[in-house]
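Chemist: missing the sequence, but the structure's below:
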């Protein structure tokens, strides 16, 4: 699975910068991401785009440029931390509760429709029928300016076939294959043997894992195939991260050129 430079940067920030109140030099990013095959040009252009998108802020110290977190990127990293270490990929809750969202948009509102659908998928919703989407558990409705949605808490009732509904609303085959691909790559005695060191392995591991779990709506286990691979893949990810962490942290500490984040002192 190909990874975008921005995704690798966010992984690096989440593992080595988040919560420390520091800004990192562009040179540190360049050195770190060269380890996973990202060029200096790609790193610099990605940092610039992230500044424009409000995901990073620049801070100059002497002749060097440093980059720090913003409230937006802090929330993104907090969400990633929750998904990796706290939520888990298995939803074995006893209650069969769902969030139901309904909306109706004029045919001319193509941009708003696309944005709403993207945010619904990101939040774990799947399409039930035209203008009606469903997600497991209690999920906060995504907001799109100018678009009104109606939100309900729901429980399935007979004769609804929830197995069929879940298969129709979600791409289980595609999601399951992404977990199996992850296992094929990482569930072995010597994972990522071509990586130069454990920092590179850790960055690649967590970036790939986040790409998968951010598309996983955490559907109730009772509606998933009996050989669902998510839980095994999660165990592999957590075990390898602990294995890579000591060397990865030492390498990151050596290459990190940082200054205190002035904006964190102001907040």
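Modeler: Arrived safely, thanks for sending. This is a predicted model, so every value here is computed, not measured.

Chemist: Identify the residues contacting residue 154.
Modeler: By Cβ atoms under 8 Å, 6 or more residues apart in numbering, the contact set of residue 154 is 97-100, 134. In short, each C-beta sits where N, CA and C put it, glycine included.

Chemist: Any idea how far stretch 149-156 is from the middle of the chain?
Modeler: Distance, stretch centre to chain centre, for stretch 149-156: 25 Å (Cα atoms, centre = their mean, to the nearest Å).

Chemist: Can you list the buried residues in it?
Modeler: residue 149 (16 or more other Cβ atoms under 10 Å).

Chemist: now swap in stretch 20-37 and tell me
Modeler: So stretch 20-37, judged by 16+ other Cβ under 10 Å, has buried residues 21-33, 35-36.

Chemist: ok, so of those, who is nearest residue 89?
Modeler: Of all these, residue 89 sits closest to residue 36, with 24.1 Å by Cβ to Cβ.

Chemist: where does that closest one land in three-state SS?
Modeler: Here residue 36 is coil, with the state taken from DSSP: H, G, I helix; E, B strand; the rest coil.

Chemist: pretty sure it contacts residue 201?
Modeler: No: applying Cβ atoms under 8 Å, one finds residue 36 not in contact with residue 201, separated by 9.2 Å.

Chemist: between those two, what contacts are shared?
Modeler: Common neighbours of residue 36 and residue 201 (Cβ under 8 Å, 6+ apart) are residue 195.

Chemist: all helices for the chain, in order.
Modeler: 5-16, 26-34, 40-52, 71-81, 110-122, 162-169, 172-186, 198-213, 230-255, 262-266 (DSSP state H).

Chemist: Can you lay out these as a markdown table showing mean pLDDT?
Modeler: Formatted as a markdown table, the helices of the chain follow (pLDDT from 0 to 100):
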| stretch | mean pLDDT |
| --- | --- |
| helix 5-16 | 95 |
| helix 26-34 | 95 |
| helix 40-52 | 96 |
| helix 71-81 | 93 |
| helix 110-122 | 87 |
| helix 162-169 | 93 |
| helix 172-186 | 96 |
| helix 198-213 | 96 |
| helix 230-255 | 97 |
| helix 262-266 | 66 |
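
Chemist: between those helices, which gets nearest to residue 128?
Modeler: helix 162-169 (6.0 Å).

Chemist: what angle do the closest one and helix 172-186 make?
Modeler: 80 degrees (axes from the mean of the first three to the mean of the last three Cα atoms, to 10 degrees).

Chemist: Just the buried residues of helix 162-169, please?
Modeler: 165-166, 169.

Chemist: Could you do stretch 221-232 as well?
Modeler: With burial defined by 16+ other Cβ under 10 Å, the residues of stretch 221-232 counted as buried are 223-224, 228-230, 232.

Chemist: Out of those, which two sit at the greatest distance?
Modeler: 223 and 232 (18.5 Å).

Chemist: got a list of contacts for stretch 202-209?
Modeler: 1, 3, 7-8, 11-12, 14-15, 32-33, 35-36, 84, 182, 185-186, 191-192, 195, 233, 237, 240-241, 244-245, 248.

Chemist: and the residues you listed, which are buried?
Modeler: Buried, going by 16+ other Cβ under 10 Å: 3, 7-8, 11-12, 14-15, 32-33, 35-36, 84, 182, 186, 191-192, 195, 233, 237, 240-241, 244, 248, out of these.

Chemist: List just the nearest of the buried residues of stretch 20-37 to residue 215.
Modeler: So of the buried residues of stretch 20-37, ranked by how close each gets to residue 215 (Cβ to Cβ), first place is residue 36, at 21.2 Å.

Chemist: Nice, that's everything, thank you.
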